[in-house]
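# Need coordinates for the following:
(one chain, ligands or ions: 1)
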Amino acid sequence: MTTPMMKQYQGIKAKVPDAILFYRLGDFYEMFGEDAELAAPILQIALTSRDAGEGKRIPMCGVPYHAAETYLIKLVSTGHKVAICEQVEDPKAAKGIVKRDIIRIVSPGTLTEFISERSNHYLASVFFDTQWGLSFLDLSTGEFTIFQTAESEVLLAELSLIHPAEILLPPELMKKSKLWVGYFCSIRDRSSYQSRVLDQRFPGQASLLEEFPVAASAAAALWEYVLETMPGVDPSHIVEIKTYRSEQRMFLDQWTRRNLELTESLRNQGRKGTLLSVLDMTQTALGGRLLRHWIDKPLLVEAEIEQRLNNVEELTSDSFSRQDLSKILAKVYDLERLMGRVSYGTANAKDLLSLAQTLALLPELREVLKASTAGSLKAKVPLLEGLDPLVHKLLDALNPSPPISLRDGNIIKTGYSQEVDELRSIATGGKEWVAKLENAERERTGIRSLKIGYTKVFGYYIEITHSNARLVPEDYIRKQTLSNAERFVTPELKEYEQKILGAEERLKELEFELFQTLREEVRSYTQVILRAADSLAEIDVYVSLAEIAVRKRYTRPQITTDGQISITEGRHPVVEDMLEAGVFVPNDTQLSFDHHLAVITGPNMAGKSTYMRQVALIVLMAHIGSFVPAKQAAISLVDRIFTRVGASDDLAAGQSTFMVEMHEVAHILKYATKKSLIILDEIGRGTATFDGLSIAWAVAEYLVQHPEFTPKTLFATHYHELTQLEDDFPGLFNLHVGVKERGEDIIFLHKILPGRADRSYGIQVARLAGLPHELLQRAKTLLLELEATKSVPSLADSSQAVTQFSFFDLPKPHPLLEELAQLPLEDMTSRQALQYLFDLRDRIQSDETV
Ligand SMILES: Nc1ncnc2c1ncn2[C@@H]1O[C@H](COP(=O)(O)OP(=O)(O)OP(=O)(O)O)[C@@H](O)[C@H]1O
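Predicted structure coming up:
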């Protein structure tokens with residue numbers, strides 16, 4: 001027969017077939033059967049077995065419950081779900097086997113511990129019904145958002161932006177596995193998407209949910225899943241559902257975000273070298289996360305941008321307030337996540353203390369804001385009010401250095417509760433009483449080594465060594481014999497023991513109860529605390545942006561709608577930071593509807609990419625509400641920024657470098673409007689020369705041929721042929737990056753100048769990179785050949801057939817070169833050499849040798 005315990009286990013396991021069940025047995029969480037076989041190698045713990053009844057044995061492994069978190073994280077981070085099953089009744093009260101049940105299911109998306117402080121950790125849900133619905137929730141902070149779009153591309157870009165730890169999908173979408181490559185997905189029953197759970201929980205948001213029904217369906221499934229994974233818990237810190245509308249926030253596709261290295265660097269996907277790292281001087285995790293949101297979703301509404309810029313400007317000119325606010329913010333804890341723990345009932349005394357200490361800063365913060373010349377930020381003052389009574393209560397109630405555990409007492413401060421104080425004085429006074437008794441007994445018996453001790457099993461005892469046995473009084477009752485001593489009790493000691501132990505026990509219980517009441521009281525302030533948290537985050541971001549603006553000499557951009565982007569002495573915020581002070585060469589930019597496409601030529605390494613990205617970043621920073629690295633900037637609002645930069649492939653999605661490039665170009669041409677800003681860096685270079693040139697040429701033409709479609713475009717290219725377009729299209733103009741030649745070398749000036757570059761200097765750059773001399777000589781010879789044979793046909797006539805060019809098709813070394821190589825220069829006078837050169841020129845001009 002199966003053992004009763006195994007029966008109970010199987011019943012619970014049947015509820016969570018897709019999760020590894022942590023089954024609490026004493027001080028361990030045990031795993032059985034397939035769960036054990038799966039988990040043991042991941043956790044690197046021993047796999048044993050246990051009697052399952054009927055002579056069968058079942059595989060088993062276990063982890064100690066006090067260290068369970070580390071094991072749990074390991075399983076979840078390797079893409080597994082873990083269900084935690086606890087005893088749910090007091091073992092003393094249990095008849096037969098103790099009742100157990102699942103108290104929480106932890107999956108990658110529902111993890112709230114050990115997650116990055118400065119970024120969000122999202123659980124997402126997707127649904128499709130003529131449109132795409134997306135909903136995502138950060139359980140640790142309570143941020144809950146819905147979003148709806150007709151374009152799958154937009155959905156995928158949103159997903160790549162929020163990078164959810166887990167996506168919930170209905171069965172029909174789960175099948176479209178190509179869309180979800182790289183994500184941990186959980187399947188949900190289709191009925192979950194029709195659920196009305198949100199109507200009851202968020203009654204105030206009915207109209208929002210009605211407006212975006214597909215996203216609301218996704219959110220319903222998500223909410224149901226949350227409730228399922230945390231039975232009995234209402235995440236009260238999740239107070240509202242937000243959305244963002246495409247007309248209010250700039251949508252940045254994943255390529256643009258990546259190419260501009262906004263929050264992740266291309267090289268190592270870390271923060272270093274990103275716009276975020278340059279702008280982030282926030283002091284709090286709240287502010288850090290908000291700044292990231294601002295960068296991810298720049299504003300499109302002029303008034304909102306101006307409002308942010310006003311706040312930044314006011315703080316730039318008030319260094320006192322900036323410093324004071326910074327000092328206060330440095331002491332602020334992560335209120336959102338603390339409130340998360342309050343709502344899950346996992347906040348301990350240290351958490352409430354951190355919360356109280358943070359809220360205790362608010363009066364000082366309000367004073368600084370009131371006194372500041374930053375008028376707009378004064379509007380935040382009322383949002384930081386209403387919490388002082390709670391702070392006083394918490395600080396009065398909580399011991400300033402409480403233990404982590406809530407069950408061991410020492411949480412409540414003396415003076416807060418009369419009952420606590422009384423019990424504590426009995427408990428601690430009792431110990432004094434024991435010490436007194438010890439002295440008295442030593443006197444009475446004359447045994448100097450007499451000791452009163454305590455063990456959990458025997459309670460209090462009087463210990464007397466065997467050598468003093470003859471001095472033991474008659475009223476001592478023998479309790480235990482050790483190798484060198486005897487232990488005794490007296491009725492008096494026993495009676496007092498009851499009183500002390502009872503008091504200690506009751507004290508711990510009472511302290512826990514009082515703590516829970518406090519935690520509930522904090523929970524009742526959820527809305528007010530989260531409102532204060534929002535304001536703190538904003539103030540933090542403004543102080544950070546202002547501090548950066550002052551330190552790095554950024555200026556306030558003038559926001560316009562006249563279609564002009566006019567930047568004087570603009571700099572690249574990240575490249576500038578990496579170079580020594582004063583080394584970065586600033587450059588100007590002028591773009592308008594009439595003059596909207598700049599073809600930029602210049603050698604490799606000259607600074608074309610840097611310049612184009614700098615323009616994109618300055619425009620983007622202006623839309624965030626940040627000051628910009630320029631002497632002066634007037635930025636007309638753009639609707640989107642597109643970039644096609646550098647070679648990258650997406651082998652996971654089965655696309656070659658060239659395919660990715662063409663895909664990105666197609667995407668840009670499809671979605672860009674007259675109000676967009678486009679960065680195109682060397683398009684066409686991923687394929688054969690003439691194909692590439694033709695495509696680049698045709699794209700440039702396309703961008704200037706339609707009078708109603710004049711997106712501002714920076715177009716860097718090594719195909720110098722494109723500069724010819726300037727003559728035919730007034731909207732197009734040439735720019736080049738200046739270089740200076742010194743002998744065989746070139747010096748990069750990094751200066752953007754009007755007009756076209758005369759040469760590519762590719763070989764000089766290759767020399768700088770250290771290519772072998774012999775190879776460079778050969779390259780030079782080949783270059784002369786190519787230039788001399790003029791094998792590149794003019795593409796001005798697009799009907800002309802384009803032939804592919806390959807190094808294998810090169811002609812043999814030109815006879816002229818052979819002649820030059822043979823020239824007896826050592827035996828020639830300089831006059832003869834000069835004469836030879838004149839003759840040579842004449843021969844070339846008369847085409848004699850070509
Ligand atoms: N304005 C500038 N001031 C100072 N240094 C600069 C400037 N612009 C670029 N640089 C330096 O030159 C390096 C190369 O710049 P960038 O990559 O923009 O060149 P590029 O012309 O795009 O080259 P390629 O054609 O090979 O892509 C940068 O890493 C930076 O160190």
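# in the stretch 251-400 of the chain, which spans are helices?
Ranges of helices in the stretch 251-400 of the chain, per DSSP state H, counting those that start in this stretch, are 254-259, 275-279, 285-296, 302-316, 319-329, 335-344, 349-359, 362-371, 388-397.
# Which residue, other than its chain neighbours, is closest to residue 270?
Spatial nearest neighbour of residue 270, chain neighbours left out: residue 264 (7.2 Å); criterion: C-beta to C-beta, 6 or more residues apart in numbering. To be clear about C-beta, it is placed using only N, CA and C from the backbone, and glycine gets the same treatment.
# now residue 637
Once flanking residues are discounted, residue 637 sits nearest to residue 561: 5.7 Å by C-beta to C-beta, 6+ apart.
# Can you tell me the strand partners of the helix or strand that contains residue 737 and which way each runs?
Per DSSP states H and E: residue 737 is located in strand 732-742. If you go by DSSP bridges, strand 732-742 pairs up with strand 597-601 (parallel), strand 745-754 (antiparallel).
# For this structure, which residues are neighbours of the ligand?
Residues of the chain lying near the ligand by C-beta under 6 Å from any ligand atom: 575, 579, 583-585, 602, 604-610, 750.
# Which ones among those map onto strands?
Counted as lying in strands by DSSP state E, out of the residues of the chain next to the ligand, are residue 750.
# In CSV: the residues of the chain next to the ligand, plus neighbour count.
Listed next are those as CSV, based on neighbours: other C-beta atoms under 10 Å:
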residue, neighbour count
575, 20
579, 12
583, 10
584, 20
585, 19
602, 28
604, 17
605, 18
606, 25
607, 25
608, 26
609, 21
610, 19
750, 21
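# rewinding a little: in terms of mean pLDDT, which of the strands paired with strand 732-742 ranks lowest?
Of all the strands paired with strand 732-742, strand 745-754 carries the lowest average pLDDT, namely a mean of 87.
# So what touches the helix or strand following that one?
Using DSSP H and E, the helix or strand that follows strand 745-754 in sequence is helix 762-768. By C-beta atoms under 8 Å, 6 or more residues apart in numbering, the surrounding residues in contact with helix 762-768 are 603, 604, 605, 718, 744, 745, 746, 776, 779, 780, 783.
# swap the cut-off to 6 Å and go again
With contacts defined as C-beta atoms under 6 Å, 6 or more residues apart in numbering, helix 762-768 is touched by 603, 604, 605, 746, 776, 779, 780.
# Ok, stretch 556-566 next?
With C-beta under 6 Å, 6+ apart as the test, stretch 556-566 has contacts from 302, 305, 309, 313, 590-593, 622, 627-628, 633-637.
# Show me which pair in these is furthest apart.
Largest separation among these by C-beta to C-beta: 313 and 593, giving 28.7 Å.
# quick one, which of those two is more surrounded?
Higher neighbour count among residue 313 and residue 593: residue 313, with 20 against 16, using other C-beta atoms under 10 Å.
# now residue 381: how far from residue 312?
19 Å (C-beta to C-beta, to the nearest Å).
# which regions of this structure lie under the pLDDT threshold?
Within the chain, the stretches with pLDDT under 70 are 1, 114, 268-269, 374-375, 646-657, 686-689, 760, 790-813, 847-850.
# and it, what are its domains?
Using automatic domain parsing, the domain parsing of the chain gives 4-106, 123-243, 280-387+525-551, 418-519, 558-789, 812-845.
# Can you get me the centre-to-centre distance for whatever helix or strand residue 167 lives in and its chain?
Using DSSP H and E, residue 167 falls within strand 166-169. Strand 166-169 sits 19 Å away from the centroid of its parent chain (C-alpha atoms, centre = their mean, to the nearest Å).
# what does it contact?
Under the criterion C-beta under 6 Å, 6+ apart, residues 107-109, 123-126, 183-186, 188, 221-222, 225 lie in contact with strand 166-169.
# So which of the residues you listed belong to helices?
Among these, the members found in helices (DSSP state H) are 221, 222, 225.
# OK, contacts around residue 85?
12, 21, 23, 24, 100, 102.
# can you pick the most crowded of those residues?
Within these, neighbour counts (other C-beta under 10 Å) peak at residue 21, which reaches 26 neighbours.
# And that one, how far from residue 82?
In this view, residue 21 and residue 82 are 8 Å apart by C-beta to C-beta.
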